[in-house]
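Novice: no sequence on hand, only this structure:
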């Protein structure tokens, strides 16, 4: 709680994972025991290791455990009357914060311009959940695609149809307009890069992007070359 009386929920990354963290959480309050069992059912489609069998570990289930703990704790605070005015997250916590808020949003702030550089908004669609998997308080207002349709709906087919419906609403820029914005947003132009090609590394100066979208560089001997995606990588060089 800050001086402006706003609550901020902070969702950390995967570094907070500890053994038996969910068992300890389940014992803290009946809400956690119930909610974590619900999240365990949801997690089965992503990992064979049960969420609550914490003696079994791998990289994927440990990250899901962090996510589950953060979602459960934030929901507990909200049910207790401590609602979030803002939610922020780091790494895996960004996704947990987004799920808690009910919307997936990724953005970038420009420190130089002091404004939003871009924002990518996402939507969530309940596809295969049943009424038994939703929290009791949400049952009057929530459902899923397969609950409504009464049949299995392939995710690929659903995603394709969503895109078909959204595409007419989007602007249709020309190839030249896309290329021009690509050039404006390139952070490599004018900088030195280290090029890894054919197992050999070398340094070159980036001159810009050509009409085919290739990165144009000037070699140390003064010659120019247009690089394509097959050139493995372009990590920034120091200096």
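Specialist: Thanks, I have the structure now. Here the structure is a predicted model, which is why all the values come from computation and not from measurement. Residues are numbered from 1 along each chain as shown.

Novice: mind listing what's buried in the strand or helix carrying residue 201?
Specialist: Element membership of residue 201, judged by DSSP states H and E, is strand 200-209. Of the residues in strand 200-209, those buried by neighbour count under the rule 16 or more other C-beta atoms under 10 Å are 204-207, 209. All C-beta atoms are positioned from the backbone trio N, CA, C, and that covers glycine.

Novice: with stretch 85-100 instead?
Specialist: 87, 89, 92-100.

Novice: ok, now which ones touch residue 131?
Specialist: 139, 143, 147 (C-beta atoms under 8 Å, 6 or more residues apart in numbering).

Novice: quick one: the last one from residue 215, how far?
Specialist: Okay, so that is residue 147. 49 Å (C-beta to C-beta, to the nearest Å).

Novice: quick one on the thing from earlier: pick the one among the buried residues of stretch 85-100 closest to residue 77.
Specialist: residue 100 (10.0 Å; C-beta to C-beta).

Novice: out of residue 147 and residue 215, which sits in the busier spot?
Specialist: The neighbour comparison of residue 147 against residue 215 (other C-beta atoms under 10 Å) goes to residue 215, with 22 against 15.

Novice: which helix or strand contains the residue nearest to the spatial centre of the chain?
Specialist: Central residue of the chain (C-alpha atoms, centre = their mean): residue 95, 5.4 Å from the mean position. Applying DSSP H and E as the criterion places residue 95 in helix 92-101.

Novice: centre of the chain to that helix, how far?
Specialist: Relative to the chain's own centre, helix 92-101 is displaced by 8 Å; criterion: C-alpha atoms, centre = their mean, to the nearest Å.

Novice: let's have the chain start at 53 instead
Specialist: Sure, I'll start numbering at 53, so the last one becomes helix 144-153.

Novice: which elements pack onto it?
Specialist: In this structure, helix 144-153 packs against strand 60-63, helix 111-131, strand 138-141, strand 156-162, with contacts taken as 3 or more C-beta pairs under 8 Å, 6 or more residues apart in numbering; DSSP states H and E.

Novice: and the buried residues of strand 252-261 as a markdown table, adding distance to residue 83 and pLDDT?
Specialist: Converted to a markdown table, the buried residues of strand 252-261 look like this (distance: C-beta to C-beta, whole Å; pLDDT from 0 to 100):
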| residue | distance to residue 83 | pLDDT |
| --- | --- | --- |
| 256 | 58 | 88 |
| 257 | 59 | 90 |
| 258 | 54 | 90 |
| 259 | 59 | 92 |
| 261 | 53 | 91 |
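
Novice: so can I have a markdown table of those showing distance to residue 108?
Specialist: What follows is the buried residues of strand 252-261, written out as a markdown table (distance: C-beta to C-beta, whole Å):
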| residue | distance to residue 108 |
| --- | --- |
| 256 | 49 |
| 257 | 52 |
| 258 | 48 |
| 259 | 53 |
| 261 | 49 |
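
Novice: what is the nearest of those to residue 275?
Specialist: Nearest to residue 275, judged by C-beta to C-beta, of those is residue 256 at 9.5 Å.

Novice: returning to what we had before: I'd like the next helix or strand past the strand holding residue 253.
Specialist: strand 267-271.

Novice: give me the contact list for the helix or strand following that next one.
Specialist: Once the chain leaves strand 267-271, the next helix or strand it forms, by DSSP H and E, is strand 276-279. Around strand 276-279, the neighbours that count as contacts under C-beta under 8 Å, 6+ apart are 247, 249, 256, 259, 262, 264, 266-271, 286.

Novice: what is the nearest of the residues you listed to residue 221?
Specialist: Nearest member of these to residue 221, counting by C-beta to C-beta, is residue 264, at 29.5 Å.
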